[in-house]
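Student: curious how this folds, go ahead:
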Amino acid sequence: MNDVTKNIITRRPVSDPLTIKELTAILIKHYKKKTGHYEIGPEFAFTVGQGGPSSDKIMPTVMVGLSRIALVEVSEPTPMSVDAELAQKKK
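Tutor: Numbers count the residues shown, from 1 in each chain. Model prediction:
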């Protein structure tokens, strides 16, 4: 018999979740961009396998994970872009 004690991991946000534009502004500041318009560029990882709610209900399954996030400069403003000049002015 194994006497390993399992730790219960609890999770709670430290604050309200960031919007995509708020995260973009944080990356603009991190990379010290002063001008231009930027968007978030997510990179996803995909894998396929078999899974299901129980062993008798196995089905083909696709899993998607967010693996990395890039800051992408866009040539023109878009509905999802953030102006670096405005982001740098905000505290």
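Student: please make it C-alpha for all contacts and neighbour counts, starting now.
Tutor: Noted.
Student: give me the neighbour count for Ser81.
Tutor: For Ser81, the count of nearby residues is 20 (other CA atoms under 10 Å).
Student: that one and Ile20 touch, don't they?
Tutor: No. Using CA atoms under 8 Å, Ser81 is not in contact with Ile20, being 9.3 Å away.
Student: strands of this protein, residue ranges please.
Tutor: All strands of the chain, identified by DSSP state E, fall at 37-51, 59-74, 82-83.
Student: and the contacts of the second one?
Tutor: Contacts of strand 59-74 with the rest of the structure, by CA atoms under 8 Å, 6 or more residues apart in numbering, involve 24, 27-28, 36-52, 81.
Student: that older thread, common neighbours of Ser81 and Ile20, please.
Tutor: Common neighbours of Ser81 and Ile20 (criterion: CA under 8 Å, 6+ apart): Ile40.
Student: residues touching Leu23, list them.
Tutor: Ile40.
Student: ok, now how distant is it from Pro17?
Tutor: 10 Å (CA to CA, to the nearest Å).
Student: quick one: mean pLDDT for stretch 46-54?
Tutor: For stretch 46-54, the mean per-residue pLDDT is 93.
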